[in-house]
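# model this:
(chains A and B)
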Amino acid sequence: MPIFLPGFETDLFAEFEQMRRQLDRLFGDWGLSSGIRTLAAGGWPAVNVGASPKQVDVYLFAPGLDPAKLDVSIQQNVLTVAGERTTEVPESAQVYRRERFSGTFRRSIVLPEDVDPDKVTAVYRDGVLRITVERRAEVQPRRIEVK
Amino acid sequence: MSETRPVQSPGTALTAGAETELVLRPPVDIWEDAEQITLVADLPGVAKERLNIQLDGDALTIEGQVALDTPEGMEALYADVRATRYRRAFTLSGELDAERIEAELRNGVLKVRIPKRAELQPRRIEVKGS
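This is a model prediction of the structure:
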């Protein structure tokens, strides 16, 4: 049974994000330096990344794609997804709105360093591409037995 | 994965207090040809069971609930998408035939066809030669 975005809609996270955006507005490039591969807000497709002790899950909100034509690759801990989306609007029609993304895209996402690039699965459902990368066993929390 | 479903009308799904909820506004393409208006909306993460298209008078409302499979104990590292509900509304005009609206959802893309009333579609007028 699906669960609704736990962890992606907490108040704390939203408050932190709001603060970050305010800082961005105030200082722009003068603020803290950001990672060279940091995602710019507003890119396509939208991305959510979640981590649990055993795995890292990347969700790309990329509707209307042919999964066979998606190019998903991982190099160490950098995941890259590339592809193209075409939107069909007949040339003869009177067009009122064209808001949907059309064209080629490429997004690189830096994952935590303990992911295992050999253990990746990808599933495309309802327009969301979910990529699961397992974390290496040695960094997973271990129960230490007290004798 | 695609299904044509009838539009429900009218309904009461717009609940009070919805203003406090964060709602995603899906991007749309809208175009018109001789027979119909076509509306295409991006609703990634919405299965057809969680899609609700309502027609109340001349108001067409599209709503969808996002559902993702997430592992237990997941914490967000990064999130572009922070809300779980899409909503967007449009006002239809009188020449459109609301009774014959068709909708289809495929891979997170919703396509709605709103036909024009037959008597209001442009007619080709034949010119007869002598």
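# Please name every helix or strand in contact with the helix or strand where B:Ile114 lies.
For B:Ile114, the host element (DSSP states H and E) is strand B:109-115. Secondary-structure packing of strand B:109-115 (3 or more C-beta pairs under 8 Å, 6 or more residues apart in numbering or on different chains; DSSP states H and E): strand B:36-42, strand B:51-56, strand B:59-65, strand B:102-106. Where C-beta positions appear, they are placed from N, C-alpha and C, glycine not excepted.
# Of those, which is nearest chain A?
For chain A, the closest of the helices and strands packed on strand B:109-115 is strand B:36-42, at 4.8 Å, according to C-beta to the nearest C-beta.
# So what are the sheet partners of the closest one and their directions?
Sheet partners assigned to strand B:36-42 using DSSP bridges are listed as strand B:28-32 (antiparallel), strand B:109-115 (antiparallel).
# Which of those has the highest mean neighbour count?
Stretch with highest mean neighbour count among the strands paired with strand B:36-42: strand B:109-115 (a mean of 21; mean count of other C-beta atoms under 10 Å in any protein chain shown).
# what inclination does it have with respect to strand B:102-106?
170 degrees (axes from the mean of the first three to the mean of the last three C-alpha atoms, to 10 degrees).
# Tell me how confident the model is about strand B:109-115, as a mean pLDDT.
On average, the pLDDT along strand B:109-115 is 96.
# just stretch B:50-69 next, same as before
Here the average pLDDT along stretch B:50-69 is 92.
# what is the orientation angle of the strand holding B:Ile114 with strand B:51-56?
30 degrees.
# Can you tell me what sits against strand B:109-115?
Strand B:109-115 has contacts (C-beta atoms under 8 Å, 6 or more residues apart in numbering or on different chains) with A:63-64, A:127, B:26, B:35-43, B:46, B:51, B:53, B:60, B:62, B:64, B:92, B:96-98, B:100-105.
# Now, of those residues, which are buried?
Among these, those buried by neighbour count (16 or more other C-beta atoms under 10 Å in any protein chain shown) are A:63-64, A:127, B:26, B:36-43, B:46, B:51, B:53, B:60, B:62, B:64, B:92, B:96-98, B:101, B:103-105.
# Report the contact partners of the closest residue to A:Leu70 other than its chain neighbours.
Excluding its sequence neighbours, the residue lying closest to A:Leu70 (C-beta to C-beta, 6 or more residues apart in numbering or on different chains) is A:Gly83, at 4.7 Å. For A:Gly83, the contact set (C-beta under 8 Å, 6+ apart) comprises A:62, A:65, A:69-71, A:104-105.
# At the geometric centre of chain B, which residue sits there?
B:Ile62 (4.4 Å; C-alpha atoms, centre = their mean).
# Just give the nearest non-adjacent residue to the residue in chain A that chain B sits nearest to, would you?
Closest residue of chain A to chain B, C-beta to the nearest C-beta: A:Gly127 (1.7 Å). Nearest residue to A:Gly127, sequence neighbours excluded (C-beta to C-beta, 6+ apart): B:Gly108, at 1.7 Å.
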